[in-house]
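Enquirer: Return a 3D structure for these sequence lines:
(one chain, ligands or ions: 1)
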Amino acid sequence: MPLHQAHDQRALIARWRALASAARLRVRVLTEVKGEKIIYLESTRRKDSPDINYLSAGVHGDEAGAAWGLLAWAEDNIATLQQQAFVIFPCMNPHGLQGNTRVDHRGLDINRRFHLDDDPISGPWRKIIAARRWRIGLCLHEDYDAQGCYVYELSQHRGSLSSRILEECIKGIALDPRRSIDGRPSRSGIIHRRIIPSDLPGMPEAIELFQLGCPITLTFETPSEFSLDDRVQAQAAFVKAALHHAMNP
Ligand SMILES: [Zn+2]
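Expert: Now for the predicted structure:
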């Protein structure tokens, strides 16, 4: 992808619309914010599936590698999209991606608002999440402070699924070597939680997804200051590896 296109959210969404029918995905509108639709894609005839995969990117608009990485994975994995059940939010914050900002069109960080039933974005999102049964949730992000890739894993499991996943997606970008990330202990790029932290200023997507019944959520982060192509590739490789290991735990 040419660098100048990284924040062209309409070009991104046009590519998703183009692959939807081949991938047997229906394009739906979550809501419309300031003239831009927030869309999601859902597998046709799979609403009652007990094992839906949740994928999302673009919650923070200054994290373009995540949004384009998710698209890159989708364009290369049409057969997987046809065979399994998915709900995909390709760009939760269209104005943010367009303007290269973390916050949305209201100046708010959406990722502190997913607990709110009366928010115009998280309200309808919560209804969709609560009405379905999930296998795994992947929330794709980037981090300016990161020195490599890392993942937040939220699951009841004692062991972490993430170490096997990360092994397969660190060819271009190494693991973040820090022992503490955002004040949380990190080991080989993994921050694993089994309980919800009580000190958060508002609820992120991955935590609310977990609270609403998704048994495992992984928030993947690539380092924003690294090359865009490497970040896109790492994000796509992460989605592929995570779905593989969720199927074969
Ligand atoms: Zn983010």
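
Enquirer: contacts and neighbour counts: CA atoms only from here.
Expert: Will do.

Enquirer: Now do the host helix or strand of V27: distance to the chain's middle.
Expert: When elements are assigned from DSSP states H and E, V27 belongs to strand 25-33. For strand 25-33, the separation from the chain centroid amounts to 16 Å (computed by C-alpha atoms, centre = their mean, to the nearest Å).

Enquirer: name the helices or strands packed onto it?
Expert: Applying 3 or more C-alpha pairs under 8 Å, 6 or more residues apart in numbering; DSSP states H and E, one finds that strand 25-33 contacts helix 9-20, strand 36-43, helix 122-130.

Enquirer: Name the residues of the first one that are buried.
Expert: Neighbour-count burial for helix 9-20, with 16 or more other C-alpha atoms under 10 Å as criterion, is recorded at Q9, L12, I13, W16, R17, A20.

Enquirer: Provide the angle between the direction of the strand holding V27 and the direction of strand 36-43.
Expert: Going by axes from the mean of the first three to the mean of the last three C-alpha atoms, to 10 degrees, strand 25-33 is angled at 150 degrees with respect to strand 36-43.

Enquirer: what does strand 25-33 contact?
Expert: Strand 25-33 has contacts (C-alpha atoms under 8 Å, 6 or more residues apart in numbering) with 17, 20, 37-44, 81-82, 105, 120-121, 124-125.

Enquirer: go again using 10 Å as the cut-off
Expert: 16-17, 19-21, 37-46, 81-82, 85-89, 92-95, 104-106, 120-125, 128 (C-alpha atoms under 10 Å, 6 or more residues apart in numbering).
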